[in-house]
Structure formats: structure tokens, C-alpha cells
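> just to be clear, the model below is a prediction. Sequence and coordinates:
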Amino acid sequence: MNVLETALIVGGGRTLALPEQLARRPSRRGVEALRGPRFEAAVRDAIEQALRATRGKIYGVDGAAAHLGLKPGTLQSKMRKLGVDRSKFV
């Protein structure tokens with residue numbers, strides 16, 4: 001649920017008022033912190049789990065890309081970026 005939906009549901013008045021913490025935009029530094037090593041490790045782990053479950057298969061309805069909801073090319077690009085080697089799961 002997004003911030004506006006929450007404010008409309010929780011609010012009760014005729015005007016929309018956001019709580020202070022939701023009204024502030026995250027700092028650039030704060031957004032970049034979300035994309036740090038922990039985020040990349042979580043993405044790498046999800047990719048490796050999908051490859052393990054599909055025995056290294058990327059394409060097709062039973063491939064890792066489909067399990068992750070990605071296009072095969074996008075998955076392969078992420079694998080290259082994160083250094084994930086498909087041959088370890090075949």
C-alpha cells in the first residue's frame with residue numbers, strides 16, 4: 001500500500017494530512033544506503049536460490065527468470081553484474 005492510500009484510509013477528515021515522517025523526502029544518501037551491500041547480497045541470494053531450484057535453467061516457464069518474475073535477459077544481466085556463475089547450479 002502506498003503513502004497516499006494509507007493517508008486516505010487512516011485519515012478521517014476532509015483534507016489529506018501526511019504524518020511528518022511520511023511527508024519528508026528521503027535524502028539521496030538514505031536512498032543510496034538501501035542499494036548497498038546488503039541489498040546486493042539479498043538479490044544475489046534470491047538469484048542463486050532460483051538457479052538452485054531450477055538446476056541452472058534460466059529460460060522457459062520453469063526457468064529461474066520465470067520464478068523471479070524477470071525476463072531472461074534481465075536475469076542474465078543481473079547475474080553478470082553480481083558475478084553469479086550459472087555453471088555452479090547445472
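Here it is on my side, so go on. As the structure is a computational prediction, the values presented were derived from the model and not from experiment.
> residue 50 sits in which helix or strand?
For residue 50, the element it lies in under DSSP states H and E is helix 37-53.
> my guess is residue 60 contacts residue 66. True?
Yes. Residue 60 lies in contact with residue 66 (C-beta atoms under 8 Å); the separation is 6.8 Å. C-beta: built from backbone N, CA, C; applies to glycine.
> what about residue 77, neighbour count?
Close neighbours of residue 77, defined as other C-beta atoms under 10 Å, add up to 12.
> let me fix that: residue 44
Neighbours around residue 44, by other C-beta under 10 Å: 16.
> over to residue 41?
Residues lying near residue 41 (other C-beta under 10 Å) number 11.
> same question, residue 75
So residue 75, with other C-beta under 10 Å, has 24 neighbours.
> break down this protein into its helices, ranges please.
With helices called from DSSP state H, the chain shows them at 3-10, 20-23, 28-34, 37-53, 64-68, 72-82.
> coming back round to it: which other helices and strands contact the helix holding residue 50?
Helices and strands touching helix 37-53, as assessed by 3 or more C-beta pairs under 8 Å, 6 or more residues apart in numbering; DSSP states H and E, comprise helix 64-68, helix 72-82.
> need the ones you listed in JSON lines (columns: mean pLDDT).
Putting these into JSON lines (pLDDT from 0 to 100) gives the following:
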{"stretch": "helix 64-68", "mean pLDDT": "95"}
{"stretch": "helix 72-82", "mean pLDDT": "96"}
